[in-house]
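K.L.:
can you look at this prediction? I've put the sequence above it.
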Amino acid sequence: MPADRVIRKRDAIIIPSSQKYLRAVDDYLERKLRRAGLDRSLVADLAISVSEAVNNAIQHGNKGDPSKKVTVRCALENRRVTIEIEDQGAGFDPAALPNPLEEANLLKEVGRGIFIVKKLVDELSFTPAVGGAGMVVRLVKFLSAAGGK
Amino acid sequence: MKISSREQNGAVILEPKGSLMGGDETEALHGQVRDLVTNNKKKVVINLAKVDWVNSAGLGALLSCLATARRNSGELKLANLTEKIQSLITITRLSTIFDTYDSVEQAVASFK
């Protein structure tokens, strides 16, 4: 796969490690979720969460190495949306992230991404990627009977 | 993201449209604030009425705008936050940092 190529599959998009591809991920996700009938607020929560996780994968997972890829997979089933963001980096310890609500961190321009994801989705997990280096961040959002669609 | 600007009662109103999600476009907003406060336009309002999505990079950019304004003896106010943005600013405790107003008129009137 050339370093600058985006690969689009039925249930996934694969991008090089650069923020300039965030819009491609955003377009993929919004099209898929809108087509499934999710309301705008829910799509916004998921799009923001995925942007945070992909940014994290690019910067902290793959360390900005454009030869490494970020894969975003999205599945809708049983009234839940599951989105996985997989990098090819050495991983990081989410428990070691500083608390952005602490007074000393309030004015910092970075460091809120994972905190925001935790607030916007129903489940968030970090697991090593199967069969190689990397980490998988899994986001789950449950669709309510009334408001999910 | 497009950013328009206008003046009202001595304040400059910046009106970004689209998403504040990081990257060059978000940096452009910070650049505009920097240009204003270093060119003696010290009262700046960012009207967020047409900004639908903000992520942590967007919040970081707004903090950069605030820091740059303060460093240059300027003031920065936020107006017309959507429910989604207000929610993010509240859960991140940035509501204790930013001056936010329900309308541009209220924000402009708040400048001394």
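P.N.:
In hand now; what should we look at?
K.L.:
going forward, measure contacts between C-alpha atoms and count neighbours the same way
P.N.:
Noted.
K.L.:
what's the neighbour count on residue 31?
P.N.:
Let's take chain A. Close neighbours of A:Arg31, defined as other Cα atoms under 10 Å in any protein chain shown, add up to 13.
K.L.:
my bad, chain B
P.N.:
Neighbours of B:Gly31 (other Cα under 10 Å): 15.
K.L.:
pull the strand or helix carrying B:Ala109 out as PDB, backbone CA atoms only.
P.N.:
Taking DSSP states H and E as the definition, B:Ala109 sits inside helix B:104-110. Only the C-alpha atoms of helix B:104-110 are listed here, as PDB (Å, rounded to 0.1, in the frame of the first residue of the first chain):
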ATOM      1  CA  VAL B 104     -23.000  38.400  20.200                       C
ATOM      2  CA  GLU B 105     -24.700  41.600  21.500                       C
ATOM      3  CA  GLN B 106     -24.200  40.400  25.100                       C
ATOM      4  CA  ALA B 107     -20.600  39.500  24.500                       C
ATOM      5  CA  VAL B 108     -19.900  42.900  22.900                       C
ATOM      6  CA  ALA B 109     -21.700  44.700  25.700                       C
ATOM      7  CA  SER B 110     -19.500  42.900  28.300                       C
END
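K.L.:
so the closest residue to chain A within chain B: helix, strand or coil?
P.N.:
Here chain B gets closest to chain A at one residue, B:Gly60, 4.0 Å apart by Cα to the nearest Cα. Remark: B:Gly60 carries the secondary structure label helix [criterion: DSSP: H, G, I helix; E, B strand; the rest coil].
K.L.:
who does A:Ile7 bridge with?
P.N.:
A:Ile7 has these beta-bridge partners by DSSP bridges: A:Ile14.
K.L.:
quick check, pLDDT for it.
P.N.:
With respect to pLDDT, A:Ile7 scores 95.
K.L.:
what's the answer for B:Leu76, then?
P.N.:
For B:Leu76, the predicted pLDDT is 98.
K.L.:
could you report the neighbour count for it?
P.N.:
Neighbours of B:Leu76 using other Cα under 10 Å come to 27.
K.L.:
the spatially closest residue to it that is not a sequence neighbour is in what secondary structure piece?
P.N.:
Nearest non-adjacent residue to B:Leu76, counting by Cα to Cα, 6 or more residues apart in numbering or on different chains: B:Val44, 4.9 Å away. B:Val44 belongs to strand B:43-47 when assigned by DSSP H and E.
K.L.:
and A:Leu33, that one's in a strand?
P.N.:
No: A:Leu33: not assigned to a strand; according to three-state DSSP it is helix.
K.L.:
need the helices for chain A, in chain order.
P.N.:
For chain A, applying DSSP state H gives helices covering A:22-35, A:40-56, A:113-120.
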